[in-house]
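Colleague: model the following, please.
(chains A and B)
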Protein chains: 2
Amino acid sequence: MSRDDNGGSFVGVNWGSTNFRAYRIADGGGLLDEFSRPAGVAGLKRPEMEAIMNELMERWPDTAMVYASGMIGSNIGWAEVPYAAAPADIAAIALHGHATSIGRAPVHIVPGVSCRRGYDGGPDIMRGEEIELFGFAALEPAWNGLLALPGTHTKWARFEEGRITGFFTSMSGEIYDRLTAAGLLASIVEGEASDGPVFQEGVQTGLARQLGMATLLFGARARVMHGILSKPDAASYLRGLLIGSEIADARAMLPDLGRAPVPLIGSGPVCKLYAAALAAIGAGSYFVDSRAACIAGFHALHRARIATGRPA
Amino acid sequence: MSRDDNGGSFVGVNWGSTNFRAYRIADGGGLLDEFSRPAGVAGLKRPEMEAIMNELMERWPDTAMVYASGMIGSNIGWAEVPYAAAPADIAAIALHGHATSIGRAPVHIVPGVSCRRGYDGGPDIMRGEEIELFGFAALEPAWNGLLALPGTHTKWARFEEGRITGFFTSMSGEIYDRLTAAGLLASIVEGEASDGPVFQEGVQTGLARQLGMATLLFGARARVMHGILSKPDAASYLRGLLIGSEIADARAMLPDLGRAPVPLIGSGPVCKLYAAALAAIGAGSYFVDSRAACIAGFHALHRARIATGRPA
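Modeller: Predicted coordinates:
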């Protein structure tokens, strides 16, 4: 007898550019099982996407509904699903989306969210993070304010009255990853970034915005060659520059930044860096595990689907 | 009978991260022969460096001296040669350097130049571009002022009274290359960048520095997803952002920018983009072929070596 005999379950899949993460969730919200693969859509062809979903169906054969969020709904995923325009609540996410099959799995691909920034009129988009945002809101009911989701493409979002009302994205994580994987900066970086005086110096330089990032990043190499910066410290300096510059953007676009502690939804190591950089401008923050937010978000979505009369 | 029977010759090698370019030059300055290989030091082990220099000696067996400039003198090259500190004239470059053999070739590895920027106290470095700068100065005697060397790591330099007195580097070319080769921006770019309204819009946005580059670059993807920017135009927009931001740095650090036309030493296509971006801030410019500047620079170096009593 499985635990499901006392109630239904569903599956949530967070399928981004670089990872596949699947959660089997009881209708009541508890996590029953999970697995993940380093199988992001950026590296998969359609038969490979089918294969991984068939693996999911073998593991959880009675699955009646899979919610899939992230880049799986993009032009490099299974099907391009139109964004829900901000302000967007969970009902908008539940109502829209794309019903399909991937392999033997019945899948509801979640729409992402799009917005226009008030600050400069620039457009922005998210795919996948909306589930974490709604999950966080389910974990902290009646929560209003700013949040950040640090990662490869960090999102800074405003959540008000149950709706994602605006956000912006900085790809500082991808810039760091790609520029230190090969090329000029690869030879100066040894080890991981961590908080400390060198990280904070990078943060201050990035915040000051006296020079553009392309000049500052080359400057890091020049500092190593001049003997001012050691290779074990170079990662911290580079990360500091990028996160500092990103926080300068956040401060410009979100004038209330720092008025309340900022939830940082992500993984521990990267959130620690953001917390340290926010502290440098006097802003508090606290850590929220992105996995917990993701599971809560799929559960909120499932309840919203049932409420709209479109259950699994 | 070879042309050399009437005089000596020497060899100049511009050996950067990605390319090897060798010039056989008559003592009088004329180009006798040349060859190049896509064999930058970033991809070569020491035996491979020896092999390419042995190929050079087979092609030009009577070579008595090879001047080698660029990343061959760096920590990823054959030997790390200390920089000459700015202000540096050609005599400083001629006097210092590293005498060695690479394979069967007798080589003088040229020192690069280092500086401290007056603007922010930041350090900067160049390897290889100094030869082009001295070459330009030999082609336009008594020239004083600003120059730019657009490329993977663009240099903006000040040349006064025969000396490189200061410079800064922007790695905007490498950022563009690496971020469009794979990852988030790779899927939005089709074709090459060119001047036009979309490039100019990118330049203005980069110049304004209202937001940091990590936010602006992600915004380019959002513009494509919103249907505001077409994929054939995306390269022009991205290049415009990066070059515009770089010119904002140049304007901040070099307040006399635009007072006189700026020589752009490089290759045609990239210099065209810089010329178009400079025109947007009312600054004139003109194109200087980097190959011609490089050959003239090696010739100037060879004469300086002879003048200092250290001929080939």
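
Colleague: low-scoring stretches of the stretch 151-300 of chain A, by residue?
Modeller: Within the stretch 151-300 of chain A, no stretch falls below the threshold (pLDDT under 70).

Colleague: strands of that one, start to end?
Modeller: Here the stretch 151-300 of chain A has its strands, by DSSP state E, counting those that start in this stretch, at A:154-160, A:163-170, A:262-266, A:285-289.

Colleague: by residue count, what's the longest helix in chain A?
Modeller: In chain A, with assignment by DSSP state H, the single longest helix is helix A:231-253.

Colleague: so what angle separates the directions of it and strand A:154-160?
Modeller: Relative orientation of helix A:231-253 versus strand A:154-160 (axes from the mean of the first three to the mean of the last three CA atoms, to 10 degrees): 30 degrees.

Colleague: packing partners of helix A:231-253?
Modeller: Packing partners of helix A:231-253 (3 or more CB pairs under 8 Å, 6 or more residues apart in numbering or on different chains; DSSP states H and E): strand A:154-160, strand A:163-170, helix A:172-181, helix A:197-208, helix A:213-225, helix A:268-280, helix B:213-225. Every residue, glycine included, has its C-beta placed from N, CA and C.

Colleague: so how far is the fourth one from its chain's centroid?
Modeller: So the one you mean is helix A:197-208. 24 Å (CA atoms, centre = their mean, to the nearest Å).

Colleague: of all the residues in that helix, which ones are buried?
Modeller: Buried residues in helix A:197-208, counting neighbours by 16 or more other CB atoms under 10 Å in any protein chain shown, are found at A:198-203, A:205-207.

Colleague: for that helix, output the C-alpha coordinates as PDB.
Modeller: The C-alpha coordinates for helix A:197-208 follow below in PDB (Å, rounded to 0.1, in the frame of the first residue of the first chain):
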ATOM      1  CA  PRO A 197      37.400  42.300   2.500                       C
ATOM      2  CA  VAL A 198      38.100  41.400  -1.100                       C
ATOM      3  CA  PHE A 199      34.500  40.500  -1.900                       C
ATOM      4  CA  GLN A 200      33.400  43.700  -0.200                       C
ATOM      5  CA  GLU A 201      35.900  45.800  -2.200                       C
ATOM      6  CA  GLY A 202      34.400  44.300  -5.400                       C
ATOM      7  CA  VAL A 203      30.900  45.100  -4.100                       C
ATOM      8  CA  GLN A 204      31.800  48.800  -3.400                       C
ATOM      9  CA  THR A 205      33.500  49.100  -6.900                       C
ATOM     10  CA  GLY A 206      30.500  47.600  -8.600                       C
ATOM     11  CA  LEU A 207      28.000  49.700  -6.600                       C
ATOM     12  CA  ALA A 208      29.900  52.900  -7.400                       C
END
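
Colleague: could you check the angle helix A:268-280 makes with that helix?
Modeller: Using the same axes, to 10 degrees: helix A:197-208 against helix A:268-280 is 60 degrees.

Colleague: quick one: the residue sitting nearest the centre point of chain A from residue A:297, how far?
Modeller: The residue lying closest to the centre of chain A (CA atoms, centre = their mean) is residue A:129, at 4.7 Å. According to CB to CB, to the nearest Å, residue A:129 stands 9 Å off from residue A:297.

Colleague: distance to chain B added to the buried residues of helix A:197-208, as TSV?
Modeller: Formatted as TSV, the buried residues of helix A:197-208 follow (distance: CB to the nearest CB, whole Å):
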residue	distance to chain B
A:198	15
A:199	17
A:200	17
A:201	12
A:202	13
A:203	13
A:205	9
A:206	8
A:207	10
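
Colleague: mind putting those residues into JSON lines with distance to residue A:11?
Modeller: Formatted as JSON lines, the buried residues of helix A:197-208 follow (distance: CB to CB, whole Å):
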{"residue": "A:198", "distance to residue A:11": "44"}
{"residue": "A:199", "distance to residue A:11": "39"}
{"residue": "A:200", "distance to residue A:11": "43"}
{"residue": "A:201", "distance to residue A:11": "46"}
{"residue": "A:202", "distance to residue A:11": "41"}
{"residue": "A:203", "distance to residue A:11": "40"}
{"residue": "A:205", "distance to residue A:11": "45"}
{"residue": "A:206", "distance to residue A:11": "40"}
{"residue": "A:207", "distance to residue A:11": "42"}
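
Colleague: nearest to residue A:68 among these?
Modeller: Nearest to residue A:68 among those: residue A:206, at 35.4 Å, using CB to CB.

Colleague: which residues are in contact with residue A:70?
Modeller: Residues near residue A:70 by CB atoms under 8 Å, 6 or more residues apart in numbering or on different chains: A:14-17, A:41, A:77, A:127-128.

Colleague: from those, pick the one nearest residue B:64.
Modeller: residue A:17 (55.1 Å).

Colleague: so who does that closest one touch?
Modeller: By CB under 8 Å, 6+ apart, the residues touching residue A:17 are A:40-42, A:70-71, A:76, A:152, B:184.

Colleague: just give me the neighbour total for residue A:101.
Modeller: 12 (other CB atoms under 10 Å in any protein chain shown).

Colleague: helix/strand/coil for it?
Modeller: strand (DSSP: H, G, I helix; E, B strand; the rest coil).

Colleague: so it touches residue A:109, yeah?
Modeller: No: in this structure residue A:101 lies outside contact range of residue A:109 using CB atoms under 8 Å: 10.9 Å.

Colleague: could you list the low-pLDDT ranges of the stretch 1-150 of chain A?
Modeller: Scanning the stretch 1-150 of chain A for pLDDT under 70 picks out A:1-6.

Colleague: and the residue of it at minimum distance from chain B, how far is that from residue A:38?
Modeller: Here the stretch 1-150 of chain A gets closest to chain B at one residue, residue A:123, 4.2 Å apart by CB to the nearest CB. Distance, residue A:123 to residue A:38, by CB to CB: 31 Å.

Colleague: do residue A:112 as well
Modeller: Distance from residue A:112 to residue A:38, by CB to CB: 22 Å.

Colleague: phi, psi for residue A:15 please.
Modeller: Per-residue torsions, residue A:15: phi -120, psi 90 (degrees, to the nearest 10).

Colleague: do the same with the one 10 residues further on
Modeller: According to degrees, to the nearest 10, the main-chain angles of residue A:25 amount to phi -120, psi 130.

Colleague: that one pairs with what?
Modeller: Per DSSP bridges, the residues bridged to residue A:25 are residue A:10, residue A:31.

Colleague: how about the contacts made by it?
Modeller: With contacts defined as CB under 8 Å, 6+ apart, residue A:25 is in contact with A:9-12, A:31-32, A:295, A:298-299, A:302.

Colleague: not counting its own residues, what contacts stretch A:268-286?
Modeller: A:148, A:150-151, A:154, A:173, A:192-195, A:199-200, A:203-204, A:207, A:239-240, A:243-244, A:247, A:251, A:257-258, A:260-264, A:266, A:287, A:289.

Colleague: please list only the buried members of these.
Modeller: A:148, A:150-151, A:154, A:173, A:193-195, A:199-200, A:203, A:207, A:239-240, A:243-244, A:247, A:257-258, A:262-264, A:266, A:287.

Colleague: how deep is residue A:291 tucked in, by neighbour count?
Modeller: Counted with other CB under 10 Å, the neighbours of residue A:291 add up to 19.
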